[in-house]
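Novice: give the three-dimensional model of this entry:
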Amino acid sequence: MRSGKVFQEGPRAATPGTERILLVGSSGGHLAQLMSLRPWWSAHERAWVTFPTEDAKSNLEAETDVSWAFSPTTRNIPNLLRNAWLAYLVIRRFLPTVVVSTGAGSAFPFFVAARALGIATVYIEVFDRVESPTLTGRLCRPFSDLMLVQWRDQLGLYPDAQLLGRLL
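Specialist: Below is the predicted model of the structure:
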């Protein structure tokens, strides 16, 4: 399951003054929340990682750099390993300055790889979990340089998080 330019030759250098954003998220609501950040990411070089669902293909059809993650991710060790390898390949090729995710399962290997390579990471907790942290939020938090939440009540779940506000 490959798409985009994951296997093109050699890494590209960043254009001065721009971020190179790697946006990682499951399809559906996770992707919709990342799409809502368009005013920010549209001004920068970017690459995407998500699942190859119909909504993702439709939402990202105009994007030139899309890689398809392996699913399912919940309690699936073979796909965790496949996504870890995908994270290595995509990060090595795209050379992001920041990895941004709203979860879910595919985010974790990208955050681990980014942290190991000294790349900044931003995790945005989803808007529909207010009373308890998500599993992905708990897993990615130690590898996150910035933890953002969408509700004031979520600040209690992640004491060092910053309030972003609702994306949807």
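
Novice: select the longest helix from this structure.
Specialist: Longest helix in the chain, counting residues (DSSP state H): helix 77-94.

Novice: what mean pLDDT does that helix get?
Specialist: Averaged over helix 77-94, pLDDT sits at 97.

Novice: mind listing what's buried in that helix?
Specialist: Of all the residues in helix 77-94, those buried under the rule 16 or more other CB atoms under 10 Å are Asn79, Leu80, Arg82, Asn83, Leu86, Ala87, Val90, Ile91, Arg93, Phe94. All C-beta spots, glycine's among them, are computed from the backbone N, C-alpha and C.

Novice: need the nearest residue in space to the last one, chain neighbours excluded.
Specialist: In space, not counting the residues next to it along the chain, Phe94 is nearest to Ala47; the distance is 4.6 Å by CB to CB, 6 or more residues apart in numbering.

Novice: could you measure from the one you found over to Pro159?
Specialist: Distance from Ala47 to Pro159, counting by CB to CB, to the nearest Å: 32 Å.

Novice: who has more neighbours out of those two?
Specialist: With neighbours defined as other CB atoms under 10 Å, Ala47 and Pro159 compare such that Ala47 has more, 24 against 7.

Novice: what's opposite that one in the beta bridge?
Specialist: Leu22 (DSSP bridges).

Novice: from what I can see Leu167 touches Pro39, true?
Specialist: No. With contacts counted by CB atoms under 8 Å, Leu167 stays clear of Pro39, the gap being 11.4 Å.

Novice: these two: who's more crowded?
Specialist: Here Leu167 and Pro39 are compared on neighbour count by other CB under 10 Å; more neighbours surround Leu167, at 17 against 7.

Novice: tell me the contacts of that one?
Specialist: By CB atoms under 8 Å, 6 or more residues apart in numbering, the contact list for Leu167 reads Gln33, Ser36, Leu37, Thr102, Ile124, Phe127, Gln150.

Novice: which ones among those residues lie within helices?
Specialist: Judged by DSSP H, helices contain the following of those: Gln33.

Novice: which members of the contacts of Leu167 are classed as buried?
Specialist: Buried members of the contacts of Leu167, scored by 16+ other CB under 10 Å, are Gln33, Leu37, Thr102, Ile124, Phe127, Gln150.

Novice: OK, contacts around the fourth one?
Specialist: Right, the one you point to is Ile124. With contacts defined as CB under 8 Å, 6+ apart, the neighbours of Ile124 are Gln33, Val100, Ser101, Thr102, Leu148, Val149, Gln150, Leu164, Leu167.
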